[in-house]
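Peer 1: Have a look at this prediction, sequence included:
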Amino acid sequence: ASCGTVGQTGVVMESFYVVVNGQVESGEFAHDDLYIRYGFSFGPDWKVVDGIETGLSQIARKAPGSDASVVWNFPIDISFKSTNAHGWPRISISIYGVDSLGRDVVRGYGSVLVPTFAGNYERFIHTYTPVQSSVWQRFVSWFTGTYAEFYDSKFAAQPDNREITRVESTGVVKVKVSVLTRGMEALGYSLLNSS
């Protein structure tokens with residue numbers, strides 16, 4: 001005996017699917033020569049059924065004589081399966097660059113919730129970096145090349161323990177995604193977008 005719900009097609013639905021396609025398009029930062037790493041954070045009932053959960057882009061430069069935009073156009077393509085909406089996926093972004101001595105350093109962290117309704121979306125992720133608590137610690141960090149950074153880059157997507165972290169704003173990342181859903185209505189979730 002099956003414990004799922006019968007969908008419109010007469011097929012028993014035991015889970016629903018969310019497909020996310022798009023790209024990390026660009027960012028506006030004071031620094032140049034930047035690359036990004038993205039990853040998805042999601043609840044324990046979610047499973048990746050197709051696609052790539054993390055990605056690392058190429059290094060991009062600002063165009064000479066243009067604005068502060070760095071363009072990556074880095075693709076996102078992933079499909080999820082779940083039995084409930086708790087732990088809906090979030091995209092975590094980490095921006096890295098090269099300092100004046102050629103060392104890789106963090107230029108920003110940020111995250112955004114994957115939209116919960118099917119459609120095409122453009123999201124702006126405001127980024128930040130952790131900062132040291134004193135001028136002396138900042139000097140030592142610069143001198144040794146060990147800047148403050150999070151142990152796990154998905155920390156930006158977690159709601160716990162962020163209130164005690166000192167941060168400074170570093171820029172903004174533009175993400176464009178298309179979201180498709182399947183089987184949500186059969187499991188009792190409303191597909192009406194109120195906006």
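Peer 2: It's in.

Peer 1: so where's this protein uncertain?
Peer 2: Flagging of the chain using pLDDT under 70 yields the residue ranges 1-13, 142, 145-165, 191-195.

Peer 1: can you give me the helices for it?
Peer 2: Applying DSSP state H to the chain gives helices spanning 135-144.

Peer 1: Could I get the buried residue list for the top strand by length along it?
Peer 2: Longest strand in the chain, counting residues (DSSP state E): strand 167-182. By neighbour count on 16 or more other C-beta atoms under 10 Å, the buried set for strand 167-182 is Thr170, Gly171, Val172, Val173, Lys174, Val175, Lys176, Val177, Val179, Thr181, Arg182. C-beta here means a position set from N, CA and C on the backbone, and glycine is covered the same way.

Peer 1: What strands line up against it, and which way round?
Peer 2: strand 16-29 (antiparallel), strand 119-130 (antiparallel) (DSSP bridges).

Peer 1: then the first one to CSV, C-alphas only?
Peer 2: Yep, that's strand 16-29 we're talking about. C-alpha atoms of strand 16-29 as CSV (Å, rounded to 0.1, in the frame of the first residue of the first chain):
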residue,chain,number,x,y,z
PHE,A,16,7.5,17.1,-4.8
TYR,A,17,10.3,18.5,-7.1
VAL,A,18,11.9,21.9,-7.4
VAL,A,19,14.1,22.7,-10.4
VAL,A,20,16.4,25.8,-10.3
ASN,A,21,18.2,27.0,-13.4
GLY,A,22,19.9,30.3,-13.9
GLN,A,23,23.1,32.1,-13.4
VAL,A,24,25.2,34.2,-11.0
GLU,A,25,25.3,37.1,-13.4
SER,A,26,27.4,39.9,-11.9
GLY,A,27,28.6,41.8,-8.9
GLU,A,28,29.5,45.3,-7.8
PHE,A,29,32.5,45.5,-5.6
